[in-house]
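Asker: Here is my input; please provide its structure:
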Amino acid sequence: MSSGVHILTAKNAFVILMILLAIVLAFLAPRAAVNVDEQLHYPHAKKVVNWYFTFGADESCLITPQTNLKYYGQSVDNFTALVNRVFKIENEFLTRHYTGAVFFWLLIFFSGLLAQRLSGSWHVAVFAVLALVFMPRLAGQAFGNLKDIPFATGYMAGLYLIIRFLKELPRPTWKTTVLLGLAIAFTVSVRAGGFILFAYLGLSIIIYFVLKPFYLKQIVSTKPVFVRLLGQGAVILLIGYFAGLLFWPYALQNVLVHPVESLGVMEHYKVSIRQVFEAELLWSTQLPWYYLPKWMLISTPVIILAGFIFFLWFFFRNIFTKSEGIQQFMSEGFILFAFIFPFIYVIAIESNLYSGVRQMLFILPPVAILSVIGIFRLIKLVEKRNRKISYAGYAFFFIVLVLPLKHQASTFPVDYVYFNSLIGGNNNAWGDYEYDYYFHAIKAPAEDLIELADGKEITVAMNCNLSNYFKNHTNIKYEYTRFLERSSKNWDYGIFGLNYLHPFLLKNNNWAPSGILKTYFHHGNPVAVLVKRTDKTDFRGISEIKNGNLQEGICLLEVAIEQDPKNIWLFVNLAKAKLETGDLSGFEEYFKRGKEIHSYFEPLFLVEAIYFYRIEKYEESLAVLTNLFEINPRYLPAEKLLEDVKKKLN
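Answerer: Residues are numbered from 1 along each chain as shown. The predicted model follows:
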């Protein structure tokens with residue numbers, strides 16, 4: 001009787017926790033930041049919706065040569081676009097963020113159910129949910145990431161229902177069958193990688209019958225059971241495959257070929273993005289094989305890593321001692337496989353990974369669940385010897401588990417940027433690893449600029465596509481610019497995120513432009529700046545040089561460089577102009593000063609290679625270009641010169 005009350009209390013705690021989390025998520029959704037991917041994926045989602053509304057006449061969603069977005073099912077993005085269109089909702093991103101909150105809630109809900117089914121304990125379910133909520137890299141993307149979070153939701157729902165299906169064998173219910181088909185369909189509708197759930201189901205059934213051959217004989221020898229099971233397998237296949245394509249225009253063009261083609265594209269994504277990793281700026285296609293393991297190690301809370309090690313110890317110990325039944329071993333082994341297989345697979349096929357663990361968020365919930373189970377088993381082991389110590393163990397586990405809450409509360413909405421103590425926390429990681437790759441930190445300066453403008457007509461330059469913050473402020477005109485090339489654009493105020501910048505600039509504090517009104521910090525690290533341009537001499541000087549007025553442009557830039565002495569782009573343009581006018585000593589001066597500011601800036605290498613080419617030192621020019629392409633193998637502006645140099649050298 002007391003045991004039943006105990007379980008009921010834990011289950012009630014789970015229900016109450018889920019209600020509280022729903023309230024918190026609803027409160028935070030309107031305060032979340034828009035990320036740069038939303039400005040890329042949402043316009044495509046609107047094109048998808050229009051494809052349906054025009055009965056396929058508008059084919060713009062099928063033509064995505066630069067982004068490959070047609071290969072995504074992105075059903076959740078499409079759903080938000082449909083809701084906004086049907087109900088004429090003006091705040092489109094708010095719809096997206098509430099939708100993201102719903103799917104994150106579903107993610108932790110299914111994870112909690114899975115934890116309870118694996119362990120038989122609602123206490124474990126409660127702690128598993130807490131482990132996910134206080135995992136900043138996961139929870140911090142709850143609102144704006146409508147691909148990775150929903151995919152993780154479908155993945156966890158699929159795992160939960162596969163285990164439920166296996167436990168119901170040899171007579172699984174039709175309810176479980178249909179729900180499993182729908183879970184797979186939803187996961188596929190987000191991303192073609194959801195097809196992996198079919199493989200998981202097939203493999204787990206084979207292993208089930210290998211370990212329990214008497215059930216196979218029973219099914220084969222009992223015709224009604226056999227026919228029913230075949231029918232249920234067909235239902236899962238049909239629902240899981242075809243229902244997942246209903247809101248995916250490209251897949252519907254050829255339902256048998258295009259989904260498989262999309263899966264291949266996702267495995268070897270061709271869009272390469274530069275990333276800071278281990279204090280180097282690399283293209284994602286250059287990143288080492290251990291990129292994902294390293295990121296998992298430095299961005300996952302240490303308690304989760306420790307708990308996972310405990311789980312592995314108990315799991316393999318139980319195999320040798322046979323202290324757990326076959327069913328329990330299968331269930332835990334299945335979830336362990338659901339983490340390990342994708343982890344190893346993407347490394348083995350050399351997938352194009354970037355943005356930390358973002359593309360692999362779906363393997364974090366299985367790790368968290370197994371980690372909590374491992375820690376509970378450790379505490380239970382201690383409990384056999386001393387019950388009081390075990391109570392202290394539960395309290396300590398809870399305290400350590402929620403430690404990231406301080407980080408999350410103080411850094412929201414940039415809370416997803418989290419590094420653990422193994423690397424020395426966020427302070428040590430800044431400049432060595434890509435930081436705010438989603439540009440969440442732009443929200444605060446954007447809001448400050450709106451207040452600062454106070455209705456005045458201004459132009460704001462930004463190094464990201466987050467013009468959405470000024471949608472309802474027609475007095476603010478948006479201008480995109482690369483951060484280091486900001487002087488080439490005409491703007492009054494600048495909002496710049498310190499992302500995708502070379503570590504040399506960051507670590508030597510050579511990134512700061514003049515006119516900074518406010519620097520925005522994250523754990524003491526600068527992540528964004530609000531800049532006021534009090535003088536446009538730099539813009540005028542570059543414009544004069546572009547128009548062929550070299551001497552006038554040089555004079556203007558020499559004045560501008562005194563006002564903004566760390567502006568590497570001014571040194572590049574002055575060096576170019578000096579070279580064009582034949583002032584080689586002037587060229588050498590500005591080239592040298594520029595290299596001191598940013599020793600790895602590609603345009604400086606190019607102008608140096610041009611210099612050597614013009615004075616017919618082709619070997620030196622080739623050496624500079626070789627060095628340049630080692631730094632940046634994809635630097636297209638230098639390819640023509642490299643071809644010319646090679647011709648000269650035969």
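
Asker: tell me the secondary structure for Gln275?
Answerer: Of the three states, Gln275 takes strand under DSSP: H, G, I helix; E, B strand; the rest coil.

Asker: and the gap between the closest residue to it other than its chain neighbours and Ile442?
Answerer: Closest residue to Gln275 apart from its sequence neighbours, by Cβ to Cβ, 6 or more residues apart in numbering: Glu434 at 4.8 Å. C-beta here means a position set from N, CA and C on the backbone, and glycine is covered the same way. According to Cβ to Cβ, to the nearest Å, Glu434 and Ile442 sit 16 Å apart.

Asker: out of the two, which sits in the more crowded spot?
Answerer: A direct count of neighbours by other Cβ atoms under 10 Å for Glu434 and Ile442 places Ile442 higher, at 28 against 20.

Asker: residue boundaries of the strands in this structure?
Answerer: Using DSSP state E, the strands of the chain run over 274-277, 280-283, 458-462, 476-480, 493-497, 516-522, 525-532.

Asker: Mind checking these for the one nearest to Pro565?
Answerer: Pro565 lies closest to strand 516-522 among these, at 13.6 Å (Cβ to Cβ).

Asker: by contact count, what packs against that closest one?
Answerer: Using 3 or more Cβ pairs under 8 Å, 6 or more residues apart in numbering; DSSP states H and E as the contact test, the elements touching strand 516-522 are helix 443-453, strand 525-532.

Asker: JSON lines please, covering those and showing mean pLDDT.
Answerer: Compiled in JSON lines, the helices and strands packed on strand 516-522 are given as follows (pLDDT from 0 to 100):
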{"stretch": "helix 443-453", "mean pLDDT": "98"}
{"stretch": "strand 525-532", "mean pLDDT": "98"}
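
Asker: Which of these has the highest mean neighbour count?
Answerer: strand 525-532 (a mean of 21; mean count of other Cβ atoms under 10 Å).

Asker: What strands line up against it, and which way round?
Answerer: strand 493-497 (antiparallel), strand 516-522 (antiparallel) (DSSP bridges).

Asker: could you dump the helix or strand of the chain with the lowest mean pLDDT to CSV, C-alpha only?
Answerer: One helix or strand of the chain scores below all others by mean pLDDT, DSSP states H and E: helix 213-221, with a mean of 82. Provided in CSV are the C-alpha atoms of helix 213-221 (Å, rounded to 0.1, in the frame of the first residue of the first chain):
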residue,chain,number,x,y,z
PRO,A,213,12.7,-17.7,-30.3
PHE,A,214,9.7,-19.3,-28.7
TYR,A,215,7.6,-16.2,-29.4
LEU,A,216,8.5,-16.4,-33.1
LYS,A,217,7.4,-20.1,-33.2
GLN,A,218,4.1,-19.0,-31.4
ILE,A,219,3.4,-16.3,-33.9
VAL,A,220,4.2,-18.3,-37.0
SER,A,221,2.2,-21.3,-35.8
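
Asker: does Glu38 really touch Arg96, like I thought?
Answerer: Yes: the criterion here is Cβ atoms under 8 Å, and Glu38 meets it with Arg96 at 6.5 Å.

Asker: Can you check which residues contact both of those two?
Answerer: 144, 146 (Cβ atoms under 8 Å, 6 or more residues apart in numbering).

Asker: that older thread, looking at the helices and strands packed on strand 516-522, which is nearest to Phe341?
Answerer: Nearest to Phe341, of those and by Cβ to Cβ, is strand 525-532 at 35.3 Å.

Asker: what residues are up against Val271?
Answerer: Taking Cβ under 8 Å, 6+ apart, one finds 67-68, 352 in contact with Val271.

Asker: From the residues you listed, which land in helices?
Answerer: When DSSP state H is applied, those are split such that none fall in helices.

Asker: And the most centrally placed residue in the chain, how close does it get to Leu216?
Answerer: When Cα atoms, centre = their mean is applied to the chain, the residue found nearest the centroid is Arg358 (2.9 Å). Using Cβ to Cβ, Arg358 is found at 41 Å from Leu216.

Asker: Ok, Ala441 next?
Answerer: 57 Å.

Asker: ok so, going back, and the pLDDT at the residue nearest to the centre of the chain?
Answerer: Looking at Arg358, its pLDDT is 95.

Asker: What sits closest to it if chain neighbours are left out?
Answerer: Asp148 (5.9 Å).

Asker: Name all residues that make contact with that neighbour.
Answerer: 141, 358-359, 361-362.

Asker: sorry, back to before: right, and the residue nearest to Gln275 touches Val357 too?
Answerer: No: contact between Glu434 and Val357 fails when scored by Cβ under 8 Å: they sit 11.4 Å apart.

Asker: Look up the closest residue to Leu530, ignoring the ones flanking it.
Answerer: Pro445 (4.2 Å).
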